[in-house]
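Participant: Here is a sequence with its predicted model. Questions after.
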Amino acid sequence: MRVSVILHERLGNWNRQLRPRLTHQAVRWFESRSTGDLAGILAGLAAPVMLIDLARQPLDGLKVLDVVGSRVAGARILVLDLEASPEIAELARELGATHVVSGFMPPPEVAGLLDRWIALAWRDLERAGWSRAAPSDATTDPWGWLSDDLAWPAASR
């Protein structure tokens, strides 16, 4: 089993920043650009870790947050609000965001936070004993197709 990390952003910048910083973690990466993308991703996931970048479209990001909060219990969700709108941050917390960052947060700090959350999610998965086995994407995760068949050392989780 691997922890699912979902990156919801418009351009893919966080994907390029976070993957190299979190290679030591046994995770399955998903990218989402719209609420429609999430339907297939969220089905059957337990304890995912998610980053939602509101960018310049806060209402779309808040809709995504509402969908995730209503479909997945135990999700850890980081919302990034570059515009630093106080009312957006408050609403995001009400909709289920675990943490909201108003303004800029450097990629190493985002990676450090997600790294801690991935470790916590791994413990939740071990305790729960289940999560949907999602197929890997060979174009973005060349070793992912072997991950469930290999015995990953405990240190790599």
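Facilitator: Yep, it's here.

Participant: Quick check: chain neighbours aside, which residue is closest to V101?
Facilitator: In space, and not counting its chain neighbours, V101 is closest to L80: 5.2 Å by CB to CB, 6 or more residues apart in numbering. Every residue, glycine included, has its C-beta placed from N, CA and C.

Participant: burial of E109, as a residue count?
Facilitator: Neighbour count for E109, taken as other CB atoms under 10 Å: 11.

Participant: Show me which residues of the strand or helix carrying it are buried.
Facilitator: Assigned by DSSP states H and E, E109 belongs to helix 107-128. Neighbour counts over helix 107-128 (16 or more other CB atoms under 10 Å) mark 110-111, 113-115, 117-118, 121-122, 125 as buried.

Participant: Give me the helices and strands touching that helix, please.
Facilitator: Helix 107-128 makes packing contacts with strand 3-8, helix 13-18, strand 49-53, strand 76-81 when contacts are defined by 3 or more CB pairs under 8 Å, 6 or more residues apart in numbering; DSSP states H and E.

Participant: gap between stretch 24-33 and the chain center?
Facilitator: Remark: stretch 24-33 is offset 7 Å from the chain centroid, using CA atoms, centre = their mean, to the nearest Å.

Participant: Out of the helices and strands packed on helix 107-128, flag the one nearest S70.
Facilitator: strand 76-81 (12.2 Å; CB to CB).

Participant: Tell me the buried residues in the helix or strand following the closest one?
Facilitator: Proceeding N to C from strand 76-81, the next assigned helix or strand is helix 86-94, under DSSP H and E. Buried residues in helix 86-94, counted by 16+ other CB under 10 Å: 88-89, 91-92.

Participant: Tell me which two of the buried residues of helix 107-128 sit farthest apart.
Facilitator: Among the buried residues of helix 107-128, the pair separated by the greatest distance (CB to CB) is V110 and L125, which sit 21.8 Å apart.

Participant: C-alpha coordinates for stretch 92-105, PDB please?
Facilitator: What follows is stretch 92-105, C-alpha atoms only, in PDB (Å, rounded to 0.1, in the frame of the first residue of the first chain):
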ATOM      1  CA  ALA A  92     -11.500  26.900   3.500                       C
ATOM      2  CA  ARG A  93     -11.200  25.900   7.100                       C
ATOM      3  CA  GLU A  94     -15.000  25.500   7.400                       C
ATOM      4  CA  LEU A  95     -15.000  23.300   4.300                       C
ATOM      5  CA  GLY A  96     -12.400  20.900   5.800                       C
ATOM      6  CA  ALA A  97      -9.000  22.200   5.000                       C
ATOM      7  CA  THR A  98      -6.400  20.900   7.500                       C
ATOM      8  CA  HIS A  99      -4.200  23.900   7.000                       C
ATOM      9  CA  VAL A 100      -4.500  27.100   5.000                       C
ATOM     10  CA  VAL A 101      -1.500  29.200   3.900                       C
ATOM     11  CA  SER A 102      -2.200  32.800   3.000                       C
ATOM     12  CA  GLY A 103       0.500  34.200   0.800                       C
ATOM     13  CA  PHE A 104       3.600  32.600  -0.600                       C
ATOM     14  CA  MET A 105       5.000  29.400   1.000                       C
END
